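Visitor: Sequence and predicted structure are below.
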Amino acid sequence: MKFLKLGLLALTLCLFGIVQAQAFEIRQVESPGGIKAWLVSDKTVPLITMKFSFRGGTISDPAKLQGRSYFLSGMLDEGAGELKSEAFQQRMSELAGRMSFSADREYFEGSFQTLTENRQAAFDLLRMAVTEPRFDAEPMDKVRGQILLGIKSDAEDPSRIASNELLRNMFGDHPYARDAKGSAESVSAMTSKDLKDAWAGIFVRKNLQVAVVGDISPEDLGPLLDKVFGKLPEQGETATVADLKMPDKGSITIVERNIPQSVMSFAMPGLLRSDPDFMTAYVMNFVLGDGGFGSRLMEEIREKRGLTYGIYTGLASWANGGLLIGSVSTQNSRAGETLDVLRAELIKMAEKGPTEKELEEAKTYLTGSYALRFDSSAKIAGQLLGIQQENLGIEYIARRNGLIKAVTAEDAKRVAKRLINPEALTISIVGRPEGIPLKTGGAPG
Amino acid sequence: MHTVLNRLSGKLARLRPALWLMGLLLALAASSTGARAMNIDISEYTLENGMQVIVIPDHRAPVVTHMVWYRVGSADEQLGKSGIAHYLEHLLFKGTKRLKPGEFSKIIRLNGGEDNAFTSYDFTAFYERIATDRLELVMDLGADRMANATFDDKDLKTELEVVKEERRSRTDNNPAALLREQLSAATYTAHTYGRPVIGWMSEVEALTANDARAFYRKYYTPSNAALVVAGDVDPANVLALARKYYGKLKNTAPTPVRARTQEPTPIAAKRVEMSDPRAASPSITRQYILPGVNQAQPGESEALDLLGQVLGNGSSSFLYKQLVVDQKIASQVSTYYSGDTLDNGEFAISLAPAPGVDVKDAEAALNAALAKFLKTGVDQASLDRSRNELVASSVYAMDSQFRLSYIYGSAYAIGRSVKETRDWTDRLKQVSAEQVDLAARTYLKIERSATGVLVPGPALTAGTTSN
């Protein structure tokens, strides 16, 4: 999901006019076999971190096979090549390596770490997971059971219920509204052939992006890239996904649950990452609700009124559409009051935009804190992968603070008006909220 | 025993791509065992007022982590005042003689930094992550916070509402969290580890400005605190700044003596059963009372670290193989030794029965598997593998200056030296299979334990819907 990544998509070289040299150099590596990666070499800690992704996540799951990518993400380290599940896990444990996979809406991601001394053997295990997964029946049933429990658990989790309900109300049956895990029916019926099909569709070189950080030189990395990804086919089938269509009119849905605190999700239509207004919207939203302490919503709803432990808004920007989305929880008896303050703040922002002072302070923070996103190998690798996914270019890190600084008050005001439309505010509430005039919907409690 | 409360928790965490495995379902799933780090050239000083200074080098990025750790946590609270340690932590963002409420965080933000704080049973800590050239600024502010906090009635009232909402979010809205709270309360006969860090709602509601003031004066004094700085810094320079800002502070109280009521040797198994319509599926959690690092015999806590790993950390562990892979009675099982504690430690087991498996059958299978492990003992190959993993975890920890600061700061808070912390991997290497077996047979006794069972069903307790 993009808005957490775009936190990602930002890094800093300039702190308050003091030019800090970028603490690392990014190199574009191309292996002998033609696999490309971005690399930051740093020998300080004897570790190698690699993050990679294939375009094509849960939105590419066929309608009848919802949850397929998610299931796949749980199966790649459950046996590969000649190693069955137990032997594979045991080997990984002996090498003290770390390997995990996840399925996002638009990307299937892998995350891998190894001690330098074990790198040959650990990369070899990764190769097996990526190119020779087994999908044996026994581990498949084990993982199926784990996913089914997860689905049950989500069905009782107030935050999950609220955000799923919200996305259904905004996107209808569009793939973006789906829960990554799929349904009990689809997961129960999933076969090893389904997973093989998913794997064959996703794991193709055309869709691959790689970031590596740590104790390895470009010369040593090349052959390892070929080892892991070299055997994958160049092309595969890519599902086409329709653009998101959202209702012009907002709505409120209540899902009744016997809990002391009402959990709310809310959203309005947002914008694409490629939209020319994106950076301005990012800064404007920071002022509104993304800054933690100091954001308008946090000040008004937590600090002044004590209505909540936290309220946040963020931009979720995908390839086929976007949202300005947020969440807040408050005791049932003050739910109406909380929504009233939220609405008033949205209207105020839409009409007047951020003040000059707010804007300057936001820009100072966003540019000054960019370096904090690059203080560990894992974080640097995450940033480099995110920048590749969004196709922002290898020099983006050097450019990014300039883009933030270029946002003007006039732009911010215009974009606030464009983006924030309280009429289109869609809200879902889980709990027994009071002071909200409307009908009840959603699944029975 | 894992509870660490942040002043502010994750943004919209629900919308993050789902992490694999069911961390949310299990009480303990989180981080790997408390890795300590090795091979780092750490500098230590004591200021004249007794405050400790720990400097950890990390020259990779122009970023510094500044933390102040206090030797006080929820387990130090007086009877009837549960939640005051955590509430005070919130209030220390509400202004000083110099700063208006909220101004601390605002200054940090305007300098491109992030700040937060956390409270647990044995410690309270505050931190900032910021550009290295802003270190002096955060030291100035950190020292001001230690000495000059003001407590305005209006802000206090509002913040108490925030803390109550935090409790509702973390605990009251979540049956698994409620069960954990009940289980901890049942586990302890005497020790304050049995109280929730955030406090009982009835006591939190009654906390006052005077409670906060008294707690602050008693515990927030230089001789009860450590400064931890990690980053691209020169230790001599950090020491000079520490003297300038923290060194000038006078102690406001005698160094507090942490003489808590100790838990008597447990002699009766305890049990908590909770039925809640909001529980999606059953779960079993068991915790045993046993020695923490400060109480353990030489080598014993390291043997328990290894036991936690061998028995139930990861898919190659004994219980996972027995119960998940072979018998298919559980979907997930994990164990964890929590020994980085001032007083006793805990050993916890969490289990999620496989779909369709009766929770009683799952518990019986767990008991049988444990008995089998105790009888046959640990095999050498598993032990070596687990030891490798733990040693490696200390290398992985070196990738994060925040993690390193946390490791050394929390060790200070429970009275462990830098050397003891750094030498952990050396001690791990000396643990034999016999020591692990002995630790398991000595402490994994049912009379040392409390077992919590959560099942979906009609609510039998009244405590789930208050407020």
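Guide: Received the coordinates, thanks.
Visitor: From now on I want contacts and neighbour counts done on CA atoms only, so please keep to that.
Guide: Noted.
Visitor: how about residue B:362, what does it touch?
Guide: When contacts are counted by C-alpha atoms under 8 Å, 6 or more residues apart in numbering or on different chains, residue B:362 touches B:329, B:330, B:353.
Visitor: what number of residues lie near residue A:251?
Guide: Residues near residue A:251, counting by other C-alpha atoms under 10 Å in any protein chain shown, number 17.
Visitor: Tell me how far it lies from chain B.
Guide: From residue A:251 across to chain B, the span is 21 Å (C-alpha to the nearest C-alpha, to the nearest Å).
Visitor: hang on, the earlier thing: restricting to the contacts of residue B:362, which residues neighbour chain A?
Guide: Among these, not one lies near chain A by C-alpha under 8 Å from any C-alpha of the partner chain.
Visitor: Break chain B into its domains for me.
Guide: Domain segmentation of chain B under automatic domain parsing yields B:5-12+B:23-245, B:270-456.
Visitor: can you redo those as JSON lines with mean pLDDT and distance to residue A:396?
Guide: JSON lines is the format used below for these (pLDDT from 0 to 100; distance: least, C-alpha to C-alpha, whole Å):
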{"stretch": "domain B:5-12+B:23-245", "mean pLDDT": "90", "distance to residue A:396": "18"}
{"stretch": "domain B:270-456", "mean pLDDT": "96", "distance to residue A:396": "24"}
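Visitor: out of the ones you listed, which comes closest to residue A:256?
Guide: Nearest of the domains of chain B to residue A:256, taken as C-alpha to C-alpha: domain B:270-456 at 11.8 Å.
Visitor: Identify the residue spatially nearest to residue B:225, adjacent ones excluded.
Guide: Distances taken as C-alpha to C-alpha, 6 or more residues apart in numbering or on different chains place residue B:70 nearest to residue B:225, at 4.5 Å, with adjacent residues excluded.
Visitor: Report the beta-bridge partner residues of the one you found.
Guide: Counting by DSSP bridges, residue B:70 is bridged to residue B:124, residue B:225.
Visitor: isn't residue A:133 right up against residue A:76?
Guide: Yes. Using C-alpha atoms under 8 Å, residue A:133 is in contact with residue A:76, at 5.6 Å.
Visitor: Tell me the residue of the stretch 101-250 of chain B that sits nearest chain A?
Guide: residue B:112 (3.9 Å; C-alpha to the nearest C-alpha).
Visitor: Do you have the strands of the stretch 251-400 of chain B handy? List them.
Guide: For the stretch 251-400 of chain B, the strands defined by DSSP state E, counting those that start in this stretch cover B:270-276, B:283-290, B:330-338, B:345-353.
Visitor: will you turn these into CSV that also has mean neighbour count?
Guide: Converted to CSV, the strands of the stretch 251-400 of chain B look like this (neighbours: other C-alpha atoms under 10 Å in any protein chain shown):
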stretch, mean neighbour count
strand B:270-276, 19
strand B:283-290, 25
strand B:330-338, 27
strand B:345-353, 25
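Visitor: For residue A:47, which of those strands is the nearest?
Guide: strand B:330-338 (25.2 Å).
Visitor: can you dump the C-alpha coordinates of the closest one into PDB?
Guide: Extracted as PDB, the C-alpha positions of strand B:330-338 are listed here (Å, rounded to 0.1, in the frame of the first residue of the first chain):
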ATOM      1  CA  ALA B 330      -2.100 -26.500  16.400                       C
ATOM      2  CA  SER B 331      -1.900 -23.900  13.800                       C
ATOM      3  CA  GLN B 332       0.700 -22.000  15.600                       C
ATOM      4  CA  VAL B 333       2.800 -22.400  18.800                       C
ATOM      5  CA  SER B 334       5.600 -20.400  20.200                       C
ATOM      6  CA  THR B 335       7.700 -20.000  23.400                       C
ATOM      7  CA  TYR B 336       9.600 -17.100  24.800                       C
ATOM      8  CA  TYR B 337      11.800 -16.600  27.800                       C
ATOM      9  CA  SER B 338      11.500 -13.100  29.100                       C
END
